[in-house]
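Visitor: The following block contains a protein sequence and its predicted model.
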Amino acid sequence: MVSRARLASSMKVSIAPGRDSNSGAGRFEGNKIEVMSDAPETTPSPETEAFSPIRWHRDHLRLLDQTLLPHEEMWLECRAPEDVARAIRSLAVRGAPAIGVAAAYGLVLGVASLPPGRDLSEHFLEVVELLGSTRPTAVNLRWALEQGQRVFAANTDKDAQGVAAALLLWAGRLHSEDVAANRRIGIYGEPLFSTGDRVITHCNTGALATAGYGTALGVIRAAWESGKVEMVWVDETRPLLQGARLTTWELQRQGIPFRLITDSSAGSLLARGLADRVVVGADRIAANGDTANKIGTYPLAVMAHRHQVPFFVAAPLSTIDPRTATGADIPIEEREPNEVTEVFGTRIAPEDAAVANFAFDVTPAELITAIITDVGVLSPPYTDTIFQAFAKNKVG
């Protein structure tokens, strides 16, 4: 069962590349895994460092429960892979990069929780299947699990303690590398903005959706720090209100001016010339550039195209899936009806109302001005530029 460790709301947990609670050597003793590090329990504030919703602490994983934000900051203590899977399914941890990193630590917990007498390889495959079944659309999840399987295969000459230590070192590197990749996305994306830009963003793509710093929100942050962004229009993002709850929480912490809007207001803003850029994240990008992202992204792209406003997608190269030819091949998760029929536990629809609750939609590549990645800005035709990016950069 996932236990909850309540932290004072004033505690700001941050992770910076190269010095965080995930750096250092891994150690496995009995049923306890630790990261050897001289990093303090808390690091400098998110104004100067990359806040992270994911922390490895001694022998377990801590995840900031995003279902409770912005009113309560509570950390889940995950001590078994089932706890991590439950956190991913419930959206306590969410965002493609964050899911991938959390799953990596879930593999560590899987080896650490090897039942007496069980075959390690069989048990490990069961853990991989458990975690892989949680969110079918986010490609970073599969990407991380495949990496973890390679690490496991390279250490089959070791006992469970040795395998756990190797996986822990790998998961820590993955964590730090994601923060660094997100910062590069911001660096590459910043030149695409002009002074005074007003930007629309959808869902949450900041530090909360990653291991730290953020993708689309990281780009916006970099452009704001360079004096280019005047204001951010934040889509509330129905049905779970990630924009209203999470993006506003992050922007407020960073001091970036914003105004919260209903999803259906974006078209009016674009028509009235009140928005100059649209920047969103991605859960999976196909080989041709078609992009799956939070439901509501596609109509936003259509409206931006109609009003000739640049529409950017920001994501690490690991979110691009060259094995998925087009958006038609991306599996779209459908979630529980109560996410639509209820708001914070209060029913708003008649009993037995039929519901379609698609978690994602697919934006065709032709509506995307550019894809901002950690290796550079990709422009159409994406079939060519994505192929070239993978040819030049070894991923996975």
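Guide: That came in fine, so what should we check first? Residues are numbered from 1 along each chain as shown.
Visitor: Identify each buried residue in stretch 85-98, please.
Guide: Neighbour counts over stretch 85-98 (16 or more other C-beta atoms under 10 Å) mark A85, R86, A87, I88, L91, A92, V93, R94, G95, A96, P97, A98 as buried. All C-beta atoms are positioned from the backbone trio N, CA, C, and that covers glycine.
Visitor: Quick one: mean pLDDT for it?
Guide: Averaged across stretch 85-98, pLDDT comes to 94.
Visitor: and it, how far out from the chain's middle?
Guide: In this view, stretch 85-98 has its centroid 8 Å away from the chain centroid, taken as C-alpha atoms, centre = their mean, to the nearest Å.
Visitor: rewinding a little: can I get the buried residues of stretch 85-98 in JSON lines with secondary structure?
Guide: Listed next are these as JSON lines, based on DSSP: H, G, I helix; E, B strand; the rest coil:
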{"residue": "A85", "secondary structure": "helix"}
{"residue": "R86", "secondary structure": "helix"}
{"residue": "A87", "secondary structure": "helix"}
{"residue": "I88", "secondary structure": "helix"}
{"residue": "L91", "secondary structure": "coil"}
{"residue": "A92", "secondary structure": "coil"}
{"residue": "V93", "secondary structure": "coil"}
{"residue": "R94", "secondary structure": "coil"}
{"residue": "G95", "secondary structure": "coil"}
{"residue": "A96", "secondary structure": "helix"}
{"residue": "P97", "secondary structure": "helix"}
{"residue": "A98", "secondary structure": "helix"}
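Visitor: and the two most separated of those residues?
Guide: R86 and P97 (19.5 Å; C-beta to C-beta).
Visitor: How much space separates A266 from V84?
Guide: 34 Å (C-beta to C-beta, to the nearest Å).
Visitor: more neighbours, the two?
Guide: More neighbours surround V84 than the other of A266 and V84, with 31 against 22 (other C-beta atoms under 10 Å).
Visitor: which residues does that one contact?
Guide: Going by C-beta atoms under 8 Å, 6 or more residues apart in numbering, V84 touches L61, L63, C78, A102, A103, Y105, G106, L109, L131.
Visitor: can you rerun that using 6 Å?
Guide: Contact partners of V84, counting by C-beta atoms under 6 Å, 6 or more residues apart in numbering, are C78, A102, G106.
Visitor: Spatially central residue in this structure, please.
Guide: G95 (2.7 Å; C-alpha atoms, centre = their mean).
Visitor: Show the backbone phi and psi for the closest residue to that one other than its chain neighbours.
Guide: Once flanking residues are discounted, G95 sits nearest to A209: 2.5 Å by C-beta to C-beta, 6 or more residues apart in numbering. The phi/psi pair for A209 (degrees, to the nearest 10) reads phi -90, psi 0.
Visitor: In this structure A209 contacts I99, no?
Guide: No - taking contacts as C-beta atoms under 6 Å, A209 lies outside contact range of I99: 8.9 Å.
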